[in-house]
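Visitor: My questions concern the predicted model and sequence given below.
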There are 2 protein chains.
Amino acid sequence: MPGEVPLVGRFAGRHVLAEFEGIEPALLDDPAFLKKTLADAVTEAGATVCEVVSHSFAPQGVTVLALLAESHASVHTYPEIGAVFVDVFTCGDRADPERAVALLAKLLGAGTVRMSTVERGES
Amino acid sequence: MPGEVPLVGRFAGRHVLAEFEGIEPALLDDPAFLKKTLADAVTEAGATVCEVVSHSFAPQGVTVLALLAESHASVHTYPEIGAVFVDVFTCGDRADPERAVALLAKLLGAGTVRMSTVERGES
């Protein structure tokens, strides 16, 4: 369409940085559950998952990274205090990173949620 | 040591969000170069790389995610305009995320660099 701005490929995106607390600790030391839950949340929010990797730390804690067609998402867990760091960064208009974070909070049963959004790249 | 605060395991970290421009486009479509360069930069800045994954997009562009013992780092490239989004998030005091971003800018030969740091979790 003449004059239409392409939605994919613009150097712009929204990055949501979040912390959740009050989560059942056992869930936060379960990499299979965390990988599926992060993938489900970002997919439901319109993103396309290319790959998900995880790493379990001793004595506890898991990091999950999701490589998205729209950028990336991550979860870093602290089972000992029922807390996680969450990032969802998406470019384009198809995926909604705030919705992904809200869905993830619900799926994890988070007691408290803090999130902030950073607009990145071209305005 | 009595009274000492453990440096690992605290729910706190520094997240550097950056954009680089003015980079040679061919470098930004080379996943092997980008994976090695991101790993080199974060390692030199004191982080420990657990795993690095990448994905190449059509018609151009690469995403690289590095899973770190201290959290994660990412690069999302736009060869068509010589630009990248960069994130380096680290917990603990051993790794310096600003230094990692500065090293990466140097290794990529970036013409312009914008970066901001977000303190996350417990202060």
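Guide: Cool, the structure landed.
Visitor: helices and strands around the longest helix anywhere in chain A, which ones?
Guide: Longest helix in chain A by number of residues (criterion: DSSP state H): helix A:31-44. Helix A:31-44 is packed against strand A:49-56, strand A:62-68, strand A:71-78, helix A:97-108, with contacts defined by 3 or more CB pairs under 8 Å, 6 or more residues apart in numbering or on different chains; DSSP states H and E. For every residue, glycine as well, the C-beta is placed using N, CA and C.
Visitor: could you give the mean pLDDT of stretch A:71-85?
Guide: In this model, stretch A:71-85 carries a mean pLDDT of 97.
Visitor: outside of stretch A:35-44, which residues touch it?
Guide: A:49, A:52, A:54, A:64, A:66, A:68, A:73, A:75, A:88, A:95, A:99-101, A:103-104, A:107-108 (CB atoms under 8 Å, 6 or more residues apart in numbering or on different chains).
Visitor: again, 6 Å this time
Guide: A:49, A:52, A:54, A:64, A:66, A:73, A:75, A:100, A:103-104, A:107 (CB atoms under 6 Å, 6 or more residues apart in numbering or on different chains).
Visitor: quick one: buried residues of stretch A:56-68?
Guide: Using 16 or more other CB atoms under 10 Å in any protein chain shown as the test for burial, stretch A:56-68 gives A:57, A:61-68.
Visitor: out of the residues you listed, which one sits closest to B:Leu27?
Guide: A:Leu67 (19.7 Å; CB to CB).
Visitor: Chain B versus the closest one, what's the distance?
Guide: Noted for A:Leu67: a distance of 5 Å to chain B, by CB to the nearest CB, to the nearest Å.
Visitor: Test of understanding: give the bridge partners of that residue.
Guide: Using DSSP bridges, the bridge partners assigned to A:Leu67 are A:Glu51, A:His72.
Visitor: Could I get the contacting residues of it?
Guide: With CB under 6 Å, 6+ apart, A:Leu67 has these contacts: A:50-51, B:53, B:55, B:63, B:65.
Visitor: tell me which of the residues you listed is nearest to A:Ile23?
Guide: For the contacts of A:Leu67, the nearest to A:Ile23 is B:Leu65 (23.4 Å; CB to CB).
Visitor: tell me the contacts of the closest one?
Guide: Neighbouring residues of B:Leu65 by CB under 6 Å, 6+ apart: A:65, A:67, A:72, B:53, B:74.
Visitor: Show me which residues of chain A are close to chain B?
Guide: Contact residues, chain A versus chain B (CB under 6 Å from any CB of the partner chain): A:11, A:50-51, A:53, A:55, A:63, A:65, A:67, A:71-72, A:74, A:76, A:78, A:83.
Visitor: circling back: can I get the contacts of A:Leu67 in JSON lines including distance to B:Arg120 and pLDDT?
Guide: Shown next, in JSON lines, are the contacts of A:Leu67 (distance: CB to CB, whole Å; pLDDT from 0 to 100):
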{"residue": "A:Cys50", "distance to B:Arg120": "25", "pLDDT": "98"}
{"residue": "A:Glu51", "distance to B:Arg120": "25", "pLDDT": "98"}
{"residue": "B:Val53", "distance to B:Arg120": "23", "pLDDT": "98"}
{"residue": "B:His55", "distance to B:Arg120": "26", "pLDDT": "98"}
{"residue": "B:Thr63", "distance to B:Arg120": "22", "pLDDT": "98"}
{"residue": "B:Leu65", "distance to B:Arg120": "18", "pLDDT": "98"}
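Visitor: I am finished for the moment; much appreciated.
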